[in-house]
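**Q** Based on what follows, work out the 3D shape:
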Amino acid sequence: MTSRNTNTPVTNGASSALDQMKYEIASELGIANYQQVDKGALPSRVNGYVGGNMTKKMVAFAEQALMSGGVGQVSQSAPTDQIK
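**A** Model (predicted):
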């Protein structure tokens with residue numbers, strides 16, 4: 001089965017890092033073999049749980065960067081002219 005995902009990362013090369021993060025979070029949540037599992041066979045709640053926790057961690061990272069004076073780093077990581 002081919003993926004229907006047509007999203008393109010804002011930062012080139014981020015796809016593999018995001019995949020790695022996804023698998024690490026799934027493991028932390030106790031979801032075994034998430035990398036090999038057919039995601040279409042899982043309930044949407046499970047996939048949403050993984051995605052929601054990814055979002056929480058990315059927001060926490062951005063907040064930490066902003067608090068430590070990394071405003072430029074955060075604004076450079078996702079230029080708004082590329083977000084659709």
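**Q** which residues sit in contact with Asn47?
**A** Lys39 (C-beta atoms under 8 Å, 6 or more residues apart in numbering). Yep, even glycine has a C-beta here, placed from its N, CA and C like the rest.
**Q** Kindly report the same for the one 3 residues further on.
**A** Listed by C-beta under 8 Å, 6+ apart, the contact partners of Val50 are Lys22, Ile25, Ala26, Leu29, Ile31, Tyr34.
**Q** if you set the cut-off to 7 Å instead, what comes out?
**A** Counting by C-beta atoms under 7 Å, 6 or more residues apart in numbering, Val50 touches Lys22, Ile25, Ala26, Leu29, Ile31.
**Q** can you point me to the longest helix in the protein?
**A** Using DSSP state H, we find that the single longest helix of the chain is helix 44-67.
**Q** hang on, the earlier thing: by neighbours, which of the contacts of Val50 wins?
**A** Among those, Ala26 has the most neighbours (other C-beta atoms under 10 Å), with 21 neighbours.
**Q** name the element the residue located most distally from the centre of the chain belongs to?
**A** The C-alpha centroid of the chain is most remote from Gly69, which lies 23.2 Å away (C-alpha atoms, centre = their mean). Using DSSP states H and E, Gly69 sits within no helix or strand.
**Q** What about the contacts of Val50, which are in helices?
**A** Under the assignment DSSP H, these contribute Lys22, Ile25, Ala26 to helices.
**Q** which of these lies closest to Ser16?
**A** Ser16 lies nearest to Lys22 out of those, by C-beta to C-beta, at 10.5 Å.
**Q** Confirm for me that that closest one is in contact with Met54.
**A** Yes. With contact defined as C-beta atoms under 7 Å, Lys22 counts as touching Met54 (6.1 Å).
**Q** okay, Leu42: pLDDT?
**A** With respect to pLDDT, Leu42 scores 88.
**Q** SS state for Tyr34?
**A** Classification of Tyr34 using DSSP: H, G, I helix; E, B strand; the rest coil returns coil.
**Q** give the contact list for it.
**A** Shown in contact with Tyr34 (C-beta under 7 Å, 6+ apart): Tyr23, Ala26.
**Q** With Leu66 as the reference, measure out to it.
**A** Going from Tyr34 to Leu66 by C-beta to C-beta, to the nearest Å gives 30 Å.
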